[in-house]
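J.: have a look at this prediction, sequence included:
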Protein chains: 2
Amino acid sequence: MVNDVSARLKAVRLMHGLSQRELAKRAGVTNGMISLIEQGRVSPSVASLKKVLDGLPMQLAEFFTMDPASTPQVFYASKELVELGKDAVSLRLVAAHRPGRRMALLHEVYAPGADTGSEMLSHAGEEGGIVVSGRIEVTVGAQTQVLGPGDAYYFSSGVPHRFRNRGRERCEIISAATPPTL
Amino acid sequence: MVNDVSARLKAVRLMHGLSQRELAKRAGVTNGMISLIEQGRVSPSVASLKKVLDGLPMQLAEFFTMDPASTPQVFYASKELVELGKDAVSLRLVAAHRPGRRMALLHEVYAPGADTGSEMLSHAGEEGGIVVSGRIEVTVGAQTQVLGPGDAYYFSSGVPHRFRNRGRERCEIISAATPPTL
DNA sequence: AAGTTCTGTTTAATATCATAGACATGCGGG
DNA sequence: CCCGCATGTCTATGATATTAAACAGAACTT
């Protein structure tokens, strides 16, 4: 991973198709400063870097998290979904083969009786989803709710959570998680 | 989200049970500097902050990613979706009011003829989606494809892109983007 | 070819940061 | 009570970052 601020900044700037002057103008700094940073001739203060990134806009966290080397620029579509389980819960992962994905986008199908288990899941990041069909019982922390078509959820993945299909029909959900756990 | 370096640094230092002087010694900086940073009286250079974090040790990415206030623990669900447009394209955003979200999760409905416009959209981050019903023509960079139910896409948002519903039925998509643009 | 407009780079003056060391406070033991 | 040793804060000085403006090259117009 390139931890060099200069390379990262240049990469993100170019990804946005901006010139040094354009970015500088948006960010409210001088073009010279951007030049110096990108040449690695100065180490900007956090305040300055934040100001620069505000011009994109991009947050500091994303800036340091991202991998400037990979912008595969690819367009993954249709049939590339991948089956991950054939049991009660079936998952199809979008863009599974894409290196350095920042999200996991899933098509989940819960058969009647399906359950992610009583040892509640917990991991870093955030996740959310929208119910497409059927009904699902979602437990997050101390809260439990039954969601139907069109309903949605969103929570920090660190909070223990569990999904159960207690109905007779299968339940379809489309969900996303960042950072990707799959 | 607390984007204040001072609060974050103090939080992580205390989490590690270190005094300003201890941390300063490990990091190879002066205690005074840590004091000034934690008081918010200076904005350290990225180089200096990195040096300080090396004493823990912790990476810049973690530092800015972590939530010093720790886990708001909220569980957004169901009816909290928000209508963003009533025209040809209608959007419902999950957890719209959640501060510091890391993703935008959307339920999008394209009426027949709906089009995101010929000035192609372009912004930072990554996005993906799965088609729930109907058909949609997706153009990303130089590629164009028509996607139907179950099909999916995933790409870097920096690449210009466009969505058009050229059919007679409406098209439903569930999509996610990080970082959130809405 | 001269003019215009874009690109990124460089420089001298200024603003900000980082240091070393002094300073004040608090706590526990002799 | 006073000493030793922690804690975090403050200040003067030197180092570094930032600015504004000049500079040089490439592409395009006239």
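T.: Sure thing, it's come through. Numbering: from 1, shown residues only, chains lettered A, B, ... in the order given.

J.: how is chain A carved up into domains?
T.: A:5-65, A:78-178 (automatic domain parsing).

J.: the ones you listed: which one's closest to B:Gln20?
T.: domain A:5-65 (18.2 Å; C-beta to C-beta). Quick note: C-beta positions are derived from backbone N, CA and C, even for glycine.

J.: mean pLDDT lowest for which of the domains of chain A?
T.: Ranked by mean pLDDT, the domains of chain A bottom out at domain A:78-178, which scores a mean of 74.

J.: which among the domains of chain A is found nearest to DNA strand C?
T.: Closest to DNA strand C of those is domain A:5-65 (C-beta to the nearest atom of the strand; 2.7 Å).

J.: output the domains of chain A as TSV; include the columns mean neighbour count and distance to DNA strand C.
T.: Shown next, in TSV, are the domains of chain A (neighbours: other C-beta atoms under 10 Å in any protein chain shown; distance: least, C-beta to the nearest atom of the strand, whole Å):
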stretch	mean neighbour count	distance to DNA strand C
domain A:5-65	18	3
domain A:78-178	18	24
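
J.: just the helices in chain A please.
T.: A:5-15, A:20-27, A:31-38, A:46-54, A:60-65 (DSSP state H).

J.: got the ones you listed as TSV, with distance to B:Gln59 columns?
T.: Listed next are the helices of chain A as TSV, based on distance: least, C-beta to C-beta, whole Å:
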stretch	distance to B:Gln59
helix A:5-15	13
helix A:20-27	24
helix A:31-38	20
helix A:46-54	15
helix A:60-65	7
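
J.: which one, of those helices, ends up nearest to B:Cys171?
T.: B:Cys171 lies closest to helix A:5-15 among those, at 28.8 Å (C-beta to C-beta).

J.: for DNA strand D, see how far away the residue of chain A most remote from its centre is.
T.: For chain A, the residue at maximal distance from the C-alpha centroid (C-alpha atoms, centre = their mean) is A:Gly32, at 33.3 Å. The spacing between A:Gly32 and DNA strand D, counted by C-beta to the nearest atom of the strand, to the nearest Å, is 3 Å.

J.: follow-up on the earlier one: can I get the helices of chain A in CSV including distance to chain B?
T.: Shown next, in CSV, are the helices of chain A (distance: least, C-beta to the nearest C-beta, whole Å):
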stretch, distance to chain B
helix A:5-15, 4
helix A:20-27, 12
helix A:31-38, 9
helix A:46-54, 3
helix A:60-65, 4
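
J.: to B:Ser90, which of those helices lies closest?
T.: helix A:60-65 (28.1 Å).

J.: so that closest one, near DNA strand D or not?
T.: No: Helix A:60-65 stays clear of DNA strand D (C-beta under 7 Å from any atom of the strand), getting no nearer than 13.6 Å.

J.: follow-up on the earlier one: need the domains of chain A in TSV with distance to B:Ser90, can you?
T.: Listed next are these as TSV, based on distance: least, C-beta to C-beta, whole Å:
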stretch	distance to B:Ser90
domain A:5-65	25
domain A:78-178	12
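
J.: hmm, A:Asn165 and A:Gly113 touching each other?
T.: Yes: using C-beta atoms under 8 Å, A:Gly113 is in contact with A:Asn165, at 6.4 Å.

J.: what residues are up against the closest residue to A:Glu108 other than its chain neighbours?
T.: Nearest non-adjacent residue to A:Glu108, counting by C-beta to C-beta, 6 or more residues apart in numbering or on different chains: A:Ile173, 4.6 Å away. Neighbouring residues of A:Ile173 by C-beta atoms under 8 Å, 6 or more residues apart in numbering or on different chains: A:Leu106, A:His107, A:Glu108, A:Val109, A:Tyr110, A:Gly129, A:Ile130, A:Val131, A:Val132, A:Ile136.

J.: separation between A:Ile173 and B:Tyr153?
T.: Separation of A:Ile173 from B:Tyr153 (C-beta to C-beta, to the nearest Å): 18 Å.

J.: run through the bridge partners of A:Glu137.
T.: A:Val146, A:Arg164 (DSSP bridges).

J.: surely it is in contact with A:Asp151?
T.: No: using C-beta under 8 Å, A:Glu137 is not in contact with A:Asp151, being 11.6 Å away.
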